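1. No letters, just coordinates:
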């Protein structure tokens, strides 16, 4: 790993430090400052010349601030004659803006992909994009990891003889089916319609869940509107227990506390793609680390090895 240089924006320095620990390389310092007019300036305080540069920055709140910081990091690395620049995106917030579902609406997922490329990104390493078509928004190579293996290893410690994995909607059913295969259990899905960002209706659950131990699997939980609606349908089916799992635990509007207050919910499991302050954590929340997976993918990218082998 001699010619590698890893920098982090301010969005999630803990994850970046953990990734560097697994790689056995230092996390090089980044200095972000502001002018009197509130414009920011970014300086990468480590040698980039002809090196394989990795910039770690999940796009999490404040999302726009973190995006601009990442763009400036890219510009700084390109201006410093980096050999190759890879953006490590543990969470890509704009992946939810992936289609024109209303008149005169912007498609942020594609626009931000173009911005990253224009700013200097040669490659992207992402984790669990909200929808598969977002991968195609990038005109540069994208390595798209998922956290199903980390989540499965956690749940394999339980008795799964009466368990079913439930996807909140049919769009995530393929991912839920892959997760169910890892656990050796059945799968079901909710029939969901979204009317607004925080207004969701699930008319029914397709599949046998009555009397089952349920693992609800989603890619991300923000306000939790979908999960709360699904819980109502699962109660109608008299499920025995509920555990909630996701990759990106955004937990806006005190969602993790409200989920923890639900008596039916025995556990909430997410990964550390998104920073979760200690004040927002509860006894029911379990956070798994994706740092080893991201570090191994970065090592393989640096050495020119296959990243798809990680899914074998």
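-> Structure's in. What do you need? If you're wondering where the values come from, they're calculated on a predicted model, not measured in any experiment. Numbering: from 1, shown residues only.

2. who are the neighbours in contact with the residue nearest to residue 221 when sequence neighbours are not counted?
-> Leaving aside its chain neighbours, residue 221 sits nearest to residue 246 (4.8 Å; criterion: CB to CB, 6 or more residues apart in numbering). Backbone N, C-alpha and C define where each C-beta goes, glycine included. Shown in contact with residue 246 (CB atoms under 8 Å, 6 or more residues apart in numbering): 217, 218, 219, 220, 221, 269, 270.

3. Can you tell me the SS state at residue 246?
-> Per DSSP: H, G, I helix; E, B strand; the rest coil, the local secondary structure of residue 246 is strand.

4. what's the spacing between it and residue 47?
-> Here the criterion is CB to CB, to the nearest Å. By it, residue 246 lies 38 Å from residue 47.

5. Also residue 57?
-> Distance, residue 57 to residue 47, using CB to CB: 20 Å.

6. Give me the phi and psi for the residue of the chain most remote from its centre.
-> Farthest-out residue of the chain from its mean C-alpha position, per CA atoms, centre = their mean: residue 36, at 34.2 Å. When read as degrees, to the nearest 10, the backbone of residue 36 gives phi -60, psi -30.

7. The one 3 residues further on now?
-> As for residue 39, its main-chain torsions (degrees, to the nearest 10) stand at phi -70, psi 140.

8. Who are the packing partners of the lengthiest strand in the chain?
-> Ranked by residue count, the top strand of the chain under DSSP state E comes out as strand 186-196. If you count contacts as 3 or more CB pairs under 8 Å, 6 or more residues apart in numbering; DSSP states H and E, strand 186-196 packs onto strand 163-167, helix 173-183, strand 199-206, helix 225-236.

9. So which residues of the stretch 1-150 of the chain form strands?
-> Using DSSP state E, counting those that start in this stretch, the strands of the stretch 1-150 of the chain run over residues 4-8, 27-28, 30-34, 40-44, 52-56, 84-89, 123-127, 142-145.

10. Highest mean neighbour count out of these?
-> Counting by mean count of other CB atoms under 10 Å, strand 52-56 has the highest mean neighbour count of these, with a mean of 27.

11. so what strands line up beside that one?
-> Counting by DSSP bridges, the strands paired with strand 52-56 are strand 4-8 (parallel), strand 84-89 (parallel).

12. Turn these into a markdown table, columns for mean pLDDT.
-> Shown next, in a markdown table, are the strands paired with strand 52-56 (pLDDT from 0 to 100):
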| stretch | mean pLDDT |
| --- | --- |
| strand 4-8 | 98 |
| strand 84-89 | 98 |
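
13. before we move on, back to that, indicate which one of the helices and strands packed on strand 186-196 is closest to residue 138.
-> Residue 138 lies closest, by CB to CB, to one member of the helices and strands packed on strand 186-196: helix 173-183, at 20.1 Å.

14. Nothing else from me, thank you.
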